[in-house]
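> Quick one: sequence and predicted model below, then my questions.
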Amino acid sequence: EHLNRCAAAMGDAQTVPLAELETVPVRVLQSSGEVAYAASMPKTSTIKELVRRISQEGFGPPHRLTLLLGSDIMPFTKSLEDLNLKEEDYFHLVRRSRSEFTKFESGSKEEGEKPDFL
């Protein structure tokens, strides 16, 4: 509210809701434990916006990125405000594979013989 009054006094007719000005610290870790992304973001930002920012940092296209908070998969529509993040909270970045896996056919080896890829 104070910032809106200051903006009005300076002749800025457009006011911004206070919720859009409040930020929350966001930390995203890779599976190795290294920080993939760390910044303050508006509380009203969505997981989708966060994933786009991470993608822009070179971690792959957004459709291949998933964020976990604890063991919960974060839906793109959830806002940071909805999560009630604390200073010590962090997301885990999961990058989905883009390659295909070799299909194992059960009859291709003699019974008891190990497949080549084990």
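Sure thing, it's come through. Residues are numbered from 1 along each chain as shown.

> C-alpha from now on. contacts and neighbour counts both.
OK.

> List the buried residues for whichever strand or helix holds residue 37?
Counting by DSSP states H and E, the element that carries residue 37 is strand 35-42. Residues 36, 37, 41, 42 are the ones in strand 35-42 that count as buried (16 or more other Cα atoms under 10 Å).

> Walk me through which strands that strand pairs with, and which way each runs.
Within its sheet, and counting by DSSP bridges, strand 35-42 is paired with strand 23-29 (antiparallel).

> For the residue nearest to residue 38 when sequence neighbours are not counted, list the residues it contacts.
For residue 38, ignoring the flanking residues on the chain, the nearest one in space by Cα to Cα, 6 or more residues apart in numbering is residue 27 at 4.5 Å. Residues counted as contacts of residue 27 (Cα atoms under 8 Å, 6 or more residues apart in numbering) are 35, 36, 37, 38, 39, 89, 90, 91.

> Who is residue 40 paired with across the strands?
According to DSSP bridges, beta-bridge pairing links residue 40 with residue 25.

> Might one say that it is in contact with residue 22?
No: Residue 40 lies out of contact with residue 22 (Cα atoms under 8 Å); the separation is 9.4 Å.

> re the thing from before, with just CA atoms, put the strand holding residue 37 into CSV.
Coordinates of each C-alpha in strand 35-42 appear next as CSV, following Å, rounded to 0.1, in the frame of the first residue of the first chain:
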residue,chain,number,x,y,z
VAL,A,35,22.2,-25.4,-7.6
ALA,A,36,20.4,-25.3,-11.0
TYR,A,37,18.6,-22.0,-10.2
ALA,A,38,18.5,-19.5,-7.4
ALA,A,39,16.6,-16.2,-7.4
SER,A,40,13.8,-14.3,-5.8
MET,A,41,10.6,-14.5,-7.7
PRO,A,42,7.2,-12.8,-7.1
